[in-house]
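S.K.: Take this sequence and fold it.
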Amino acid sequence: MRIADDVATGLRKVPNPYKALVTAKTHRDIDPSAPPLVVHYVHTAPTRSNSGLQTLVAQFTSVSDKRPEQLTIADVSKYQPQIQQIQSKITRYGVSTNSLAKAMVKNGPYWASVGSVYESSVISANSHLQPGQQRYEAVYPKDTFTSNMRAILPNAPWVTPQKKAAAQKFIEFLRSPETQKIATELGLRPGTPGVPLSAKFSSENGVNPQAKYNSLRPPKPEVVEAMLKSWQENAKKASQVVVVVDTSGSMAGSKLAAVQATLQNYINNLGPKEQIALIDFNSVIKPPVIVDGTPKGKETGLQFISGLTANGGTSLYDATLYARDWLQKNYRQNAINAVLVLTDGEDSGSKINLDQLAQELKKSDFNTDQRISFFTVGYGSEGEFNAEALKKIAELNSGYYSQGDPEKISRLMADLQVEF
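M.R.: Sure, this is the predicted structure:
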């Protein structure tokens, strides 16, 4: 686990940090000497990330006081309420552990004071701190997972003697002290005995070179499946995302068709705890269409997609503010509230400028109780849209900017959906 350094001491005193997160609202609830900082937690989505799945299993292990291999499907149901309490502290999910660790440093402890990430991510983030950025420390639960990278030589008819010999040489190269030394410079512990840790493994980088913990084994496959189902349908933090879609004239043709196909996938993949408000804009901002993960909700969303047409200008700033204002009025309590903006052009015709928009968005950022994040997608080639403006909108509100095109927009939007 990765903790802001001013609250790490308190969690180190706790033998079972995940169990502490079930009831704690602030870090002072865990340690009386800690600051009264609200617990805000992040980890990657267990449906898309190895570390996220390990984290979910570790949470069930922690609250049940059972080894993972001892857990049953009945245990998953029994301890689901405690997992839901932990998940209620989530700021957002994600697909990349390293990206989440970097976001913790960039956005600070009011965005996330605790995160479940790899030890190497702690080293990497602390190695590149900028002035004024929060330092984080690793806390090692007494029972946790280790992510081992294995090299496996299959015994199969298609493995010829030549292929086997080549594979053995490659494995010998990977296990050699010289190669393992390179791994330690990247913040990875060596897999070959006798290879010393690099200087990266230091308290200055927030880790303990001599960390001691019990390494967990995976549960039965059917139990893992039950955990994922429980998380998706019950424990996962709910979300409400306003998806703002540019339908200006420049979106005509293959651009709009690709966006429509992408939105169709997005809607079809909505879970039972996810709700979106679809807003399309050009020179005019259309009223939101509410879509949820029910069959009726998805049908409403697909009707919205089929009715999209490209024409008019790009009132980007006005549409962005409209989305935030709608979300404020329709704020979903105990949920992730966010705005996702997709545009292929620069603003034209808005009543406000970028600086005015930025000032308005600060009123609902992560220094307020609303904690509304923004994610922006520039759709098309560089130069067709104002990338710097989209970066500013996202980064001021603890989100991020991405560039997409018809070939990769579907994957990009699928990754963004996992954030919520």
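S.K.: what number of residues lie near V7?
M.R.: A count of neighbours around V7, defined by other C-beta atoms under 10 Å, yields 25. (Each C-beta comes from the backbone N, C-alpha and C, glycine too.)
S.K.: elements contacting the helix or strand hosting it?
M.R.: Element membership for V7 (DSSP states H and E) is helix 5-12. Where contact means 3 or more C-beta pairs under 8 Å, 6 or more residues apart in numbering; DSSP states H and E, helix 5-12 is packed against strand 136-138.
S.K.: packing partners for the next helix or strand after the strand it packs on?
M.R.: Later in the chain than strand 136-138, the nearest helix or strand by DSSP H and E is strand 143-144. If you count contacts as 3+ C-beta pairs under 8 Å, 6+ apart, strand 143-144 packs onto helix 50-64, strand 214-215.
S.K.: For strand 143-144, give the mean pLDDT please.
M.R.: For strand 143-144, mean pLDDT rounds to 91.
S.K.: Starting from it, tell me which strands it pairs with and how they run.
M.R.: In the sheet, strand 143-144 lines up against strand 214-215 (parallel) (DSSP bridges).
S.K.: what angle separates the helix or strand following the strand it pairs with from helix 50-64?
M.R.: Per DSSP H and E, the first helix or strand lying C-terminal to strand 214-215 is helix 221-230. Inter-element angle recorded for helix 221-230 and helix 50-64: 90 degrees (by axes from the mean of the first three to the mean of the last three C-alpha atoms, to 10 degrees).
S.K.: Please put the alpha-carbon coordinates of helix 221-230 into PDB.
M.R.: Taking C-alpha atoms only, helix 221-230 is exported to PDB below (Å, rounded to 0.1, in the frame of the first residue of the first chain):
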ATOM      1  CA  PRO A 221     -10.900 -19.800  -9.600                       C
ATOM      2  CA  GLU A 222     -14.600 -20.000  -8.800                       C
ATOM      3  CA  VAL A 223     -14.000 -17.800  -5.700                       C
ATOM      4  CA  VAL A 224     -12.200 -15.200  -7.700                       C
ATOM      5  CA  GLU A 225     -15.100 -15.200 -10.200                       C
ATOM      6  CA  ALA A 226     -17.500 -14.700  -7.300                       C
ATOM      7  CA  MET A 227     -15.300 -11.800  -6.000                       C
ATOM      8  CA  LEU A 228     -15.400 -10.000  -9.400                       C
ATOM      9  CA  LYS A 229     -19.100 -10.500  -9.700                       C
ATOM     10  CA  SER A 230     -19.700  -9.200  -6.200                       C
END
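S.K.: Quick test: name the residue nearest the centre of the chain.
M.R.: G94 (1.7 Å; C-alpha atoms, centre = their mean).
S.K.: and the helix holding V7, which residues are buried?
M.R.: For helix 5-12, burial by neighbour count (16 or more other C-beta atoms under 10 Å) applies to 6-8, 10-12.
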